[in-house]
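Student: Give me the fold of what follows.
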Amino acid sequence: MKKQILLAGISTLMLVSCHQKSEKELTLSGLEPAKFRTEVNNATTNLYTLKNKSGMEVCITNFGGRIVSIMVPDKNGKMQDVVLGFDSVADYIHVPSDFGASIGRYANRINQGRFVLDGDTIQLAQNNYGHCLHGGPKGWQYQVYEANPIDSATLELTRISPDGDENFPGNVTAKVTFTLSDDNSLDIKYSATTDKKTIINMTNHSYFNLSGNPSQPATDHILYVNADSYTPVDSTFMTTGEIAPVKDTPMDFTTPKAVGQDIANFDFTQLKNGNGYDHNWVLNTNGDITALAARLVSPTSGITLEVYTNEPGIQVYTGNFLDGSVKGKKGITYNQRASVCLETQHYPDSPNKPQWPSVVLEPGQTYNSECIFKFSTAK
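Tutor: Residues are numbered from 1 along each chain as shown. Sure, this is the predicted structure:
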């Protein structure tokens, strides 16, 4: 009997020990999953890890549908984390940011938070120079998506957005599906349906530093954008309605160049207005998901990111408003221009620009958008 009690006690200790060990196990990127488990508005948050046969790892939290880390090999085969973010869900909750988020209902800006739909003027929340940015102050980046891990390389997130969510019309069911393939591509598919006419424009807002060292600026990264034109902005970052050629301007990335080459040329009004690059480029790809939309390369790590999309535009944002006040993963301070964002999208303020591709979603229709982030190393 004593032997049985002793064995039972040992078994219990082993179970407790194993449980404690699993709680403290870290991801390849050094994240502790336990720090992503909490409740927000009666919904549970967690950290989900995708892996492929090539050894790549992507960590995602369903709080805001955020990519927390992406581990890819550099030119020497060393694994590097190439996105900015936080070590815990508490920081994502308490430190306002768009790091890695699945943005909705409307990515980018809507002029004065106002648009007209079937003769009705809809007033949204105003949270950026009087405009509605990224769905408003309570946009989807601050909401909990329902998570459904499909397999070791696929995660499906669902957001049910009620009619009147941040004053957008219609009950909307949106899905974001992340699939990590063995060629080191992260395929992000967005879909949405509605029961009332509405607008939608989703994107991913990852901040990339392909060197793997976000304590250093990403201005040395070499950028190519497959676009002959872009949409200029005014001093409040709002698109003017013009589509302007990039030729013979600092906005021309049709020939690859360093992000920082012209970024401080504030004699060029658009760079002054954007405080650097914070603009939408009009892609030449015509919605062809197989056509290269953009490419970003770190000369130090050799890591290359190619972007493919069926969207008509891509927002290039160079972390101009990072100011050293935020510390991210591993306690690293994120200074100005520590990253480059490549947000595939419809153009900003499209609801008020009828000459641009429509963002209206009708009942019975399905919104579909896709973005592929493909990683490799420069040869």
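
Student: so where's this protein shaky on pLDDT?
Tutor: For the chain, applying pLDDT under 70 flags the ranges 1-23, 379.

Student: Apply 80 and report the result again.
Tutor: 1-24, 379 (pLDDT under 80).

Student: what pairs with residue 67 across the strands?
Tutor: residue 60 (DSSP bridges).

Student: cool, residue 128 as well?
Tutor: Beta-bridge partners of residue 128, as defined by DSSP bridges: residue 131.

Student: Tell me where the chain has helices.
Tutor: 2-24, 89-94, 269-274 (DSSP state H).

Student: From the chain's centroid, how far away is the last one?
Tutor: The gap between where helix 269-274 is centred and where its chain is centred comes out at 23 Å by Cα atoms, centre = their mean, to the nearest Å.

Student: if we look at it, which residues are touching it?
Tutor: 232-235, 237, 249-251, 262-266, 277, 279, 320 (Cβ atoms under 8 Å, 6 or more residues apart in numbering). Bear in mind the C-beta positions are built from the backbone N, C-alpha and C, glycine included.

Student: one more time with 7 Å, if that's ok
Tutor: The contact list for helix 269-274, computed with Cβ atoms under 7 Å, 6 or more residues apart in numbering, reads 232, 233, 234, 235, 237, 250, 251, 263, 265, 266, 279.

Student: Could you do the second one as well?
Tutor: Applying Cβ under 7 Å, 6+ apart, the set of residues contacting helix 89-94 from outside is 35, 36, 38, 40, 45, 61, 63, 64, 66, 86.

Student: if you look at these, which of them are in strands?
Tutor: Counting by DSSP state E, the contacts of helix 89-94 place 38, 40, 45, 61, 66 in strands.

Student: Could you turn the buried ones of those into a ChimeraX selection?
Tutor: Applying 16 or more other Cβ atoms under 10 Å to these, the buried members can be selected in ChimeraX as follows:
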select :38,40,45,61,66
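
Student: Quickly name whichever of the ones in strands among the contacts of helix 89-94 is closest to residue 146.
Tutor: residue 45 (11.0 Å; Cβ to Cβ).

Student: Who does that closest one form a beta bridge with?
Tutor: Bridge pairing for residue 45 - DSSP bridges - gives residue 38.
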